[in-house]
Structure formats: structure tokens, C-alpha cells
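1. Just the structure for this:
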Amino acid sequence: MKKCLFTLAGLILTPSAGYTYARFAEPRWLYTKEITIQLKRLPSAFDGMRVIQFSDVHLGFHYTVEQLNKLVDHIQSLQPDLICFTGDLFDYTVGSDAAPAVQVLSRLKAPLGKGAVLGNHDYYGKETEKIKRILLDSGFALLINQSVPLKREKSTIWLSGVDDMWDGKPDLPKALHDVPSDAFTLLLSHCPDFADIALKHSIDLQLSGHSHGGQVRLPFYGHLFTPAYGSKYPDGYYSLDDGKLQVYTNRGIGVSVLPIRFFCRPELSVFTLRSG
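-> Below is the predicted model of the structure:
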């Protein structure tokens, strides 16, 4: 404990050491976070289901396809039942990375499939159609105000997704059009603050990204900044309305705006869903 405190003090009090750590060490130090969530409406057939969420890759801004390839290897080693991507695949432009990205993302496999939504950065640089094509060609169900059923034994749950809250046109009623009101529903929304809208509907669990957890956090203080639509539920787990809706905000894989992370490591979320 004392060693950790001395290390922390050194990073904060020595600007050069703090910058070197935030710029070159922490952005590459992936945190695989295991979270168990109990859900009242989850059918027993899906009890123990493993869901892996990754978000905010920001390819092209200090994150390469080669790094993504290693991430895919790690995801596959964790044997997911379902893989979810919650937006911001590229930071601004696709460039020459389209075909390599498809090749890498196509290696992601899970028995219940893989779903994705777009983030605000996926709308930048007029590259949206290219990014949609990359996700579709990689085998993702691209859920822009849509839902797909997931079946196990004789039970069905639904994976839903909405368009980005900042630059898109999210329409949750449209997404839920074919979903029975009594069905367990997992919602993907890039922006976590969409939870206030989701709470008014029959959603059980929302997975989001966008905020990067603040990307820079200070001990005993927390994040210094969060973007629009990522300030109310910026990091980690939230239970709303006595558990009617549970929300998880992932800190993301890459970086944006500034190429640094400080006490906010990149995160891969591994959920075990429990029924009852």
C-alpha cells in the first residue's frame, strides 16, 4: 500500500514522469473487468451468459489495426457467448484501414453472435457509410434503431441498438417495434445518458461507452471532463429505478482529443448475466 502511494505521489508531483506514464504506459495497459449482473427478467436458459463489450477503439488516433488484432485475440480467449461493440470504431477517417479492419474484426466469433452501434466519431469525416460497411462485412448486426432476437433452448431475449445520441437520430420506439413488452432486452447505446430515455421503456440492461470514463482521472477527485451525453453516467455500473434498468458505461479501448490516459485504463468489460 505504501509503495502504491509513493508511486502515485511521484507521478503527480513529477510532471515529466506523469506525462510519460499517461502518454506511453497507461493507454496500452488494458484492464479486463469482470462484472456479474443479476437481472430479474433474464430467462433461466440464459443464466451464466457471458457478454463481452468493447467500445471507443478510435482507430487511426494512436491505435492501430495491429493493436486491434491483439485485442481480438484476447476477446476470443475469454470465450464470449455474445460480443457487443458500442461505437467509435474510427476516430475520424478510415483511410487505408478498411480492409485490414474487416479482416481482423471478422475473427470475432460468439455462439449468440455480435452486435454493434455507431458512435459520434463514426459520423465524422463523412465516413459513416464506410464504417457501416466495415461492421457489416465483419459479421456484426449493425443495430441502428433495430433489434434482433437471441435464442437459447426454448427461450428468447432481444438485443437492441439505437443510433448515436449526439450526431445520429436515436429512435427507441422504432428499435423496440417487434420486441414483446415482457421480453428481456439488452440495449446498446453509444451515449450513456440515453439511459434516461431507456428508463421509460421496457429495457433491462444498457451498455454504453463514449465518455472514456473521463480519460483523465485524479485520485480522490475523479474525472476532470466528460463529453456531452456522457456526463450523468460517465463510468461503470448504475442501477436506476430500483433495478428496473441497469446501466454500464465502458471506459473504451482507445483515446481521443488527447493521446493520454491517467488513472483511467482502457477497459474490456466481461459480463456474467444471472437470472432471478
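
2. following the helix or strand bottoming out on mean pLDDT in the chain, which helix or strand comes up?
-> The helix or strand with the lowest mean pLDDT-type score in the chain, counting by mean pLDDT, DSSP states H and E, is helix 2-13 (a mean of 48). Using DSSP states H and E, the helix or strand that follows helix 2-13 in sequence is helix 15-20.

3. Which positions in that next one come out as buried?
-> Gly18 (16 or more other C-beta atoms under 10 Å). The way it works is simple: take the backbone N, C-alpha and C, and place the C-beta from them, glycine included.

4. before we move on, what about stretch 236-252?
-> Buried residues in stretch 236-252, defined by neighbour count with 16+ other C-beta under 10 Å: 236, 238, 240, 245-252.

5. what about it, how long is it end to end?
-> Taking C-alpha to C-alpha, to the nearest Å, the first and last residues of stretch 236-252 lie 11 Å apart.

6. which residues touch that stretch?
-> For stretch 236-252, the surrounding residues in contact (C-beta atoms under 8 Å, 6 or more residues apart in numbering) are 31, 35, 37, 39-40, 53-58, 86, 88, 192, 195, 198-199, 203-213, 215, 230, 233-235, 264-267, 269, 271.

7. Repeat that for stretch 149-156.
-> 43-46, 49, 82, 112-113, 157-159, 183.

8. Buried subset of those, written for PyMOL?
-> Applying 16+ other C-beta under 10 Å to those, the buried members can be selected in PyMOL as follows:
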select buried, resi 43+46+49+82+112+113+157+158+159+183
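
9. and the two most separated of the contacts of stretch 149-156?
-> Ser44 and Gly113 (20.7 Å; C-beta to C-beta).

10. Need the contacts of stretch 149-156 in TSV (columns: secondary structure).
-> Below are these laid out as TSV (DSSP: H, G, I helix; E, B strand; the rest coil):
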residue	secondary structure
Pro43	coil
Ser44	helix
Ala45	helix
Phe46	helix
Met49	strand
Leu82	strand
Leu112	coil
Gly113	coil
Ile157	strand
Trp158	strand
Leu159	strand
Ala183	coil
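
11. and of the contacts of stretch 149-156, the nearest to Ser106?
-> After measuring those against Ser106 - C-beta to C-beta - the closest member comes out as Gly113, at 13.0 Å.

12. Which of the buried residues of stretch 236-252 fall within helices?
-> Among the buried residues of stretch 236-252, no member falls in helices (criterion: DSSP state H).

13. Report pLDDT for the closest residue to Phe90 other than its chain neighbours.
-> Excluding the flanking residues, the one nearest Phe90 by C-beta to C-beta, 6 or more residues apart in numbering is Leu59, at 4.8 Å. You'll see Leu59 listed with a pLDDT of 98.

14. For Ser96, which residues are in contact?
-> Ser96 makes no contacts at all, as judged by C-beta under 8 Å, 6+ apart.

15. Sorry, wrong one. I was asking about Leu142.
-> The contact partners of Leu142, by C-beta under 8 Å, 6+ apart, come to 115-118, 132, 135-136, 161.

16. what would the residues you listed look like in TSV with distance to Val102, neighbour count and pLDDT?
-> Converted to TSV, the contacts of Leu142 look like this (distance: C-beta to C-beta, whole Å; neighbours: other C-beta atoms under 10 Å; pLDDT from 0 to 100):
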residue	distance to Val102	neighbour count	pLDDT
Gly115	17	26	98
Ala116	13	30	99
Val117	18	34	98
Leu118	16	26	98
Lys132	12	17	98
Leu135	9	24	98
Leu136	9	13	98
Gly161	20	29	99
